[in-house]
Structures are given as C-alpha cells and as structure tokens.
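Fold the following and give me the result.
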Amino acid sequence: MTISNIHEDKHTTSGNGVNTRHTYTFTATISNPSDKDISSWSVLMDLGTNGVFSGVTDGAKATSDAENNSVKFSSLGTNGTIPAYGSATFTFVVATSNRYTWAPSFSNAVGKHINIDL
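Numbering: from 1, shown residues only. Model prediction:
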C-alpha cells in the first residue's frame, strides 16, 4: 500500500507580519497495488517543526501527538476496506505554528514521513 497522491486543495492566510498564519487543506489518496483486499489501514504522518494538525474533514479518523508533532489517520467503516488495485481518500487540515509557510515533504518510504500499517 502506498500514498499515491497528496494534493493541496486550499491554502489560506490570516494575520499580518509576525502574526501571519497559514492553513492548508490536503486530500491524500492511499492506493492498494496488490491483488488482495486490505481490511483496515492507518497512516502515521510526521508534520515537521512548523506544521500543526488542525483536523480531519473527511474519510478518516485522526489522533494527533503534539509531543512528536505527528498525526495518525485510521480507516473508518466507510473506507476501511481498500479493494485489490483500489484506493481510499481522506482530507485533512494543517496550520502553521508561526508566520512561515509550511512546506510538506512527504515520502512513501516507510520510516520517513509516512508509515502505513495494514
């Protein structure tokens, strides 16, 4: 299973100068390249030093870990099973903790930014 796409849907800015904050909405697509169904899934995402998890809006439940600045997305009943060669999507929001923009650099490599549990 891989993250086949993380697409920035929306970027908004609030505040001015040192009080500027950025908010990003992303849609992630998880693909199942195998010939077997996957019955449940979770994705652990490292948000780096400037990203703060704000919420999940569709397609997954989420648990954030402020100490490690990460968030774990897990399947819901509606998308828990990813069929063979199929995919599932979820939408989430990340804000910045300071005035600088957040530049996500996700990798499909296990142990880098995203870990996928089957």
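
gap between the two ends of stretch 46-63?
12 Å (CA to CA, to the nearest Å).

Residue ranges in this structure under the pLDDT threshold?
1-5, 66, 102-118 (pLDDT under 70).

now do 90
Counting by pLDDT under 90, the chain contains low-confidence residues at 1-13, 15-34, 37-82, 87-118.

Kindly provide the distance from residue 54 to residue 42.
Distance, residue 54 to residue 42, by CB to CB, to the nearest Å: 19 Å. (Glycine included, C-beta is placed from N, CA and C.)

Check residue 16 too.
Residue 16 is 38 Å from residue 42, by CB to CB.

Likewise for residue 101?
28 Å.

Settle it for me: which of these two has more neighbours?
Using other CB atoms under 10 Å, the more surrounded residue of residue 101 and residue 42 is residue 42, with 17 against 12.

my read: the more buried one touches residue 72, true?
Yes: in this structure residue 42 lies within contact range of residue 72 using CB atoms under 8 Å: 5.8 Å.

quick one, strands of the chain?
2-14, 21-31, 42-46, 51-58, 61-65, 70-74, 87-96, 114-117 (DSSP state E).
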